[in-house]
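**Student:** How does the following fold in three dimensions:
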Amino acid sequence: MVTVKNYGDVTVTPEEVYRFLGIRDPIAQAELTSEVESAIRELEAAITPRMCYARFPLHSDGDLLDLGFTKVESRDLAKNLRGCSEIILIAATVGLEVDRSIAKYSRLSPSRGLILQAAGAAAVENILDRATEEFIAEGLALRPRFSCGYGDLPLTLQREIFASLDCPRSIGVSLTDSLLMTPTKSVSAIIGIE
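**Tutor:** Numbering: from 1, shown residues only. Have a look, this model is predicted:
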């Protein structure tokens, strides 16, 4: 069964935006403070944060994993899931309006577009972090999130993930022919339950 949650209050801090921008210098951060804070306010007005997830049993035979919704061979995912008997399949998005804002500013003000890109990435990570905290509060011991494209986990697994979670209907996220997510500020992942 797929569970869908809407989050109304995703918080993005300037520090998270600087981290996604790769800016560590305090002087450079101070120079961007007003622009970053303005971009965060714009993002918060445009955001429609949604998340969906489902739990599946896990069976492994070395690097061959039966994830409950499909089978995949991945040494790196097998290592991450070692000792787990169940997984959480999860997907989250901040919505299409954020993509529209990013596209608009990428033409009008490329620096603002980059800041909105970073703020959007921070926002979707915030949704996943909150979901993880909720799972832990339920008493689950979790492994780190693992997404398609990490290590040797094939990007083609996205098709099965999206079909299993019914992402287009559940949270309004679809896959392009090249397996990229639309809206772009979206993430899917596998979380092992110890």
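**Student:** which stretches of the chain form helices?
**Tutor:** Under the criterion DSSP state H, helices of the chain are mapped to 14-21, 26-46, 75-81, 96-108, 110-137, 157-165, 167-171.
**Student:** out of the ones you listed, which comes closest to Ala54?
**Tutor:** Smallest distance to Ala54 across these (CB to CB): 6.2 Å, for helix 157-165. (C-beta placed from N, C-alpha, C; glycine too.)
**Student:** Can you tell me what sits against that closest one?
**Tutor:** 2, 52-54, 56, 69-70, 72, 89-91, 148, 167-168, 173-175, 179, 181, 188 (CB atoms under 8 Å, 6 or more residues apart in numbering).
**Student:** For the residue nearest to Leu81 when sequence neighbours are not counted, the count of nearby residues, please.
**Tutor:** Closest residue to Leu81 apart from its sequence neighbours, by CB to CB, 6 or more residues apart in numbering: Gly192 at 4.2 Å. The number of residues packed near Gly192 is 22, by other CB atoms under 10 Å.
**Student:** residue furthest from the geometric center of this protein?
**Tutor:** Farthest-out residue of the chain from its mean C-alpha position, per CA atoms, centre = their mean: Ile27, at 29.9 Å.
**Student:** Do you know the pLDDT at the residue lying closest to Gly151 once chain neighbours are set aside?
**Tutor:** Nearest residue to Gly151, sequence neighbours excluded (CB to CB, 6+ apart): Asp76, at 2.9 Å. Predicted confidence (pLDDT) for Asp76: 98.
**Student:** Am I right that Asp76 is in contact with Asp152?
**Tutor:** Yes - using CB atoms under 8 Å, Asp76 is in contact with Asp152, at 5.1 Å.
**Student:** anything in contact with each of the two?
**Tutor:** Shared contacts of Asp76 and Asp152 (CB under 8 Å, 6+ apart): none.
**Student:** residues contacting the nearest residue to Glu42 once chain neighbours are set aside?
**Tutor:** Once flanking residues are discounted, Glu42 sits nearest to Ser101: 6.3 Å by CB to CB, 6+ apart. Ser101 sits next to 42-43, 46, 116 when contact means CB under 8 Å, 6+ apart.
**Student:** quick one on the thing from earlier: in a markdown table: the helices of the chain, plus distance to Gly8.
**Tutor:** Shown next, in a markdown table, are the helices of the chain (distance: least, CB to CB, whole Å):
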| stretch | distance to Gly8 |
| --- | --- |
| helix 14-21 | 19 |
| helix 26-46 | 10 |
| helix 75-81 | 32 |
| helix 96-108 | 15 |
| helix 110-137 | 11 |
| helix 157-165 | 21 |
| helix 167-171 | 15 |
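**Student:** closest to Asp63 out of the ones you listed?
**Tutor:** Closest to Asp63 of the helices of the chain is helix 75-81 (CB to CB; 4.7 Å).
**Student:** Which positions within that closest one qualify as buried?
**Tutor:** By 16 or more other CB atoms under 10 Å, the buried positions in helix 75-81 come out as 77-78, 80-81.
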